[in-house]
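*Asks:* 3D, please:
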Amino acid sequence: MGCPALKRATRGFGLVEIMLALLLGLVVSLALAQIFITSRSTFLSQAASASLQEDARFVLAKMIQEVRLAGAFGCLASVRDESSGAAFSAAFRSPVQWDAPQGALTLNTTAPADSGSWHNWEIHTDCTSTATAWTRGRAPKPAEGEHVLAIHQQVYRFNQGAGELTLNGQPLISNVGAFEVLFGVASAADAPGIARYTAQPAPALIRSVRLALTLFDPADRTREQTFSVVAAIRNRTG
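*Replies:* Down below sits the predicted model:
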């Protein structure tokens, strides 16, 4: 007869025990896999959301800066127009224009000092009595005592079919679901406060501009987001 103690020591696992161990292992593996998938999905969603916010912040910050500079045409209230086709006069009369059906926002602003040669017009002024607008490249040499102010026209256009916002015909940002512009207007030309918001204001009544940009993630990792900013108009608009 064999030794009972030896039999107990050499006893293995039964089929039921093995099946239970495999089942528990499978459950734990599935739970770990689910945690990994959920964590990865959350990470991708947060990364996509952060990317949309960063894109919107960049574009809206640029546009708001130009909105604040719109209508800044130098020291004097009137500018003699010597530009080709008197094109500067239209920009001077309406430095901020919104064409809702075309989704186009036109801003006529002071160009940055490092804008190089791409500005549209130059204003030569002595800031006391004279100011003359010339087409870029056709302006004479500034007279003694005159300063040169570069002016450019920025046209932001929403292309709904392509889902993008362009700047002067060049793509600026993709994955755009909507682009809206509203103007805070006063009740009268001499009133400082904002009475209401409208998409088609009289230029002389404009006091602020509200921009709303809706972006989406093409991979659908996060929901569509709308970002909006408001900027006060610092200069004349009509």
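
*Asks:* Helix or strand next in line after the helix or strand bottoming out on mean pLDDT in the chain, which one?
*Replies:* In the chain, no helix or strand scores lower on mean pLDDT, DSSP states H and E than helix 4-9, which sits at a mean of 54. Next helix or strand after helix 4-9 toward the C-terminus (DSSP states H and E): helix 15-69.

*Asks:* Check which helices and strands that following helix is in contact with.
*Replies:* strand 104-110, strand 170-174, strand 206-215, strand 225-232 (3 or more Cβ pairs under 8 Å, 6 or more residues apart in numbering; DSSP states H and E). For glycine as for every other residue, the C-beta is placed from the backbone atoms N, C-alpha and C.

*Asks:* Mind checking the pLDDT average for it?
*Replies:* For helix 15-69, mean pLDDT rounds to 87.

*Asks:* cool, stretch 148-159 as well?
*Replies:* Rounded mean pLDDT across stretch 148-159 is 95.

*Asks:* what's the spacing between the residue nearest the centre of the chain and residue 164?
*Replies:* Geometric centre of the chain, nearest residue: residue 59, 2.7 Å, by Cα atoms, centre = their mean. With distances taken as Cβ to Cβ, to the nearest Å, residue 59 is found 11 Å from residue 164.

*Asks:* Which positions within the strand ranked longest in the chain qualify as buried?
*Replies:* For the chain, the longest strand by residue count, based on DSSP state E, is strand 147-159. Buried positions in strand 147-159, judged by neighbour count with 16 or more other Cβ atoms under 10 Å: 149-158.

*Asks:* coming back round to it: which one of the helices and strands packed on helix 15-69 lies nearest to residue 25?
*Replies:* strand 225-232 (41.8 Å; Cβ to Cβ).

*Asks:* could you check the angle strand 206-215 makes with that closest one?
*Replies:* If you take axes from the mean of the first three to the mean of the last three Cα atoms, to 10 degrees, strand 225-232 sits at 160 degrees to strand 206-215.
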